[in-house]
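**Student:** What follows is a predicted structure for the sequence shown.
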Protein chains: 2
Amino acid sequence: MSQVRVHNFSVSLDGFGTGAGQSLDAPFGHAGTRLHEWFFPTRTFRAMQGQPGGSTGIDDAFASAWEPGIGAEIMGRGKFGPHHGPWPDQEWNGWWGDTPPYDVPVFVLTHHAREPLVMQGQTAFTFVTDGIEAALEQARAAARDRDVLVAGGAQLAQQYLEAGLLDELQIHVAPLLLGDGVRLFDQLGSGQLELEATRVLHSPAVTHLRYRVVR
Amino acid sequence: MSQVRVHNFSVSLDGFGTGAGQSLDAPFGHAGTRLHEWFFPTRTFRAMQGQPGGSTGIDDAFASAWEPGIGAEIMGRGKFGPHHGPWPDQEWNGWWGDTPPYDVPVFVLTHHAREPLVMQGQTAFTFVTDGIEAALEQARAAARDRDVLVAGGAQLAQQYLEAGLLDELQIHVAPLLLGDGVRLFDQLGSGQLELEATRVLHSPAVTHLRYRVVR
């Protein structure tokens, strides 16, 4: 069966995936892009920007294989749009312009029903209002035999973790203490969850950790 | 100059160094010894228990060189004794019996003045009531050219981090989500702190991370 994965989630050593004070102008809060800086020098990222050169080591291997095997994506309302912004009162089609960088069906969990949104390129956003299990069911059907990515934000990953629906976690630990913000792992109660580290790789810029959730 | 180090601090992937509900009977709270289980199969630990055999890989290398280069240790009141226990009202000489496993002078930060406590073996506890900088000054003097270990608990490590007095962090990340407890990194405010990863090693049981604090 296809796996349900949290994939390519960058966090600080103190566990924050986003800084404090997230807003329309500052989608990562006070952290700015600091958590994602390991990505910028890679050849893959530079090519996305139309620039030559760039690093070709471990970080580029992760960057170039950003979402291997992913057939559908689930995202929280806060990843699709700012919490205190125009959406849902005004039209908001995501942070990514007319051609979002998603090549797979994206399911957005929200309390506000909305017609599916088909963008240029291959991205289509479907808005799901009846909870994480319904979203997963739709995403699994769309992904067929490929995996389902739980793309964030942190609260969404936590909900899938607590519901026992996640199979794999892949995170990138940036060498940074942010001190404040939104933690990837929070509000999990005191139920312990066993993991198995299935891959640990690191570069000077970041440590790449992958875990399987043990059931 | 000698370095000030947080060394061999085991945490869960969600950042907890101790579980919830710490007490005299449960010094690690609901986590039990789970965070430290990577240590138990090593040859070094088994030899400490008078048992033969044990693993001889990466984890044993860390176990056998537990505190290399350390000349003095600073610990918080909560590492020396339980927060809701006999001390300071009754006599309490630490968790470790008559012969504590410290071969260096130990400085215990507390609000309760007390005469130095010389134990069997080479351990002597000195109680410091005038703050973290005074404790560090005494520890540096005792360590001479060797390093000073900030041994925990977590709050003590946080205080030295916030004061800009730490040079190095070495932590062991256990493959576990604890969900609740006392975090190693918490209450740091939103001042970002840059780190440099200077060593990443891992075994199936645990991931060993070492960082230098960048100033």
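**Tutor:** Arrived safely.
**Student:** quick check: longest helix of chain A.
**Tutor:** Scanning chain A for the helix with the most residues, using DSSP state H, yields helix A:132-143.
**Student:** And the contacts of the helix or strand harbouring residue A:8?
**Tutor:** Using DSSP states H and E, residue A:8 maps to strand A:4-12. For strand A:4-12, contacts defined as C-beta atoms under 8 Å, 6 or more residues apart in numbering or on different chains pick out A:17, A:31, A:35-36, A:38-39, A:62, A:66-67, A:70, A:136, A:147-152, A:157, A:160, A:165-174, A:176-178, A:181, A:183-184, A:206. (C-beta placed from N, C-alpha, C; glycine too.)
**Student:** in chain A, which spans are helices?
**Tutor:** A:43-48, A:58-64, A:77-80, A:132-143, A:154-162.
**Student:** out of those helices, which comes closest to residue B:212?
**Tutor:** helix A:58-64 (19.7 Å; C-beta to C-beta).
**Student:** Tell me if that closest one is near chain B.
**Tutor:** No - Helix A:58-64 is not in contact with chain B by C-beta under 8 Å from any C-beta of the partner chain; minimum separation 11.1 Å.
**Student:** tell me which residues in that helix are buried?
**Tutor:** Buried residues in helix A:58-64, counted by 16 or more other C-beta atoms under 10 Å in any protein chain shown: A:58, A:59, A:60, A:62, A:63.
**Student:** can you check stretch A:149-169 too?
**Tutor:** Under 16+ other C-beta under 10 Å, the buried positions of stretch A:149-169 are A:149-162, A:166-169.
**Student:** Can you sort out which of those also neighbour chain B?
**Tutor:** Applying C-beta under 8 Å from any C-beta to those, those adjacent to chain B are residue A:161.
**Student:** Give me the distance between the two termini of stretch A:189-208.
**Tutor:** 26 Å (C-alpha to C-alpha, to the nearest Å).
**Student:** make that stretch A:61-74, sorry
**Tutor:** 24 Å.
**Student:** what residues does it touch?
**Tutor:** A:2, A:5, A:7-8, A:39, A:42-45, A:102, A:104-109, A:132, A:135-136, A:138-140, A:142-151, A:156, A:172, A:208.
**Student:** From those, list the buried ones, please.
**Tutor:** A:2, A:5, A:7-8, A:39, A:42-45, A:102, A:104-109, A:132, A:135-136, A:138-140, A:142-143, A:146-151, A:156, A:172, A:208.
**Student:** Kindly state the pLDDT recorded for residue A:14?
**Tutor:** Looking at residue A:14, its pLDDT stands at 95.
**Student:** can you pull the contacts of it?
**Tutor:** Residue A:14 makes contacts with A:177, A:178, A:179, B:15, B:183, B:185, B:186, B:188, as judged by C-beta under 8 Å, 6+ apart.
**Student:** Which one of those is nearest to residue A:119?
**Tutor:** Of all those, residue A:178 has the smallest distance to residue A:119: 31.8 Å, by C-beta to C-beta.
**Student:** Contacts only, for the closest residue to residue A:23 other than its chain neighbours.
**Tutor:** Nearest non-adjacent residue to residue A:23, counting by C-beta to C-beta, 6 or more residues apart in numbering or on different chains: residue A:82, 6.2 Å away. Counting by C-beta under 8 Å, 6+ apart, residue A:82 touches A:22, A:23, A:24, A:27.
**Student:** if we can go back for a sec, closest one to residue B:202 out of the contacts of residue A:14, please.
**Tutor:** residue B:15 (17.3 Å).
**Student:** Can you get me a residue count around that closest one?
**Tutor:** 25 (other C-beta atoms under 10 Å in any protein chain shown).
**Student:** try residue A:116
**Tutor:** 12.
**Student:** cool, and residue A:205?
**Tutor:** 19.
**Student:** is it true that it touches residue A:41?
**Tutor:** Yes - contact criterion C-beta atoms under 8 Å: residue A:205 and residue A:41 qualify, at 7.5 Å.
**Student:** what residues are shared contacts of the two?
**Tutor:** In contact with both residue A:205 and residue A:41: residue A:59, using C-beta under 8 Å, 6+ apart.
**Student:** Quick check: residue A:78 touching residue A:155?
**Tutor:** Yes - shown here, residue A:78 and residue A:155 form a contact pair, counting by C-beta under 8 Å, at 7.3 Å.
**Student:** Strand partners (parallel or antiparallel) of the strand holding residue A:8?
**Tutor:** strand A:147-150 (parallel), strand A:168-174 (parallel) (DSSP bridges).
**Student:** Pull out the CA atoms of the first one and give them to me as PDB.
**Tutor:** Output for strand A:147-150, consisting of C-alpha atoms alone and laid out as PDB, is shown next (Å, rounded to 0.1, in the frame of the first residue of the first chain):
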ATOM      1  CA  ASP A 147       2.600   7.900  -1.800                       C
ATOM      2  CA  VAL A 148       0.700  10.700  -0.100                       C
ATOM      3  CA  LEU A 149       2.600  13.700   1.100                       C
ATOM      4  CA  VAL A 150       1.300  15.500   4.300                       C
END
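**Student:** what residues does it touch?
**Tutor:** Contacts of strand A:147-150 (C-beta under 8 Å, 6+ apart): A:2-7, A:67, A:69-74, A:104, A:136, A:139-140, A:156-157, A:160, A:166.
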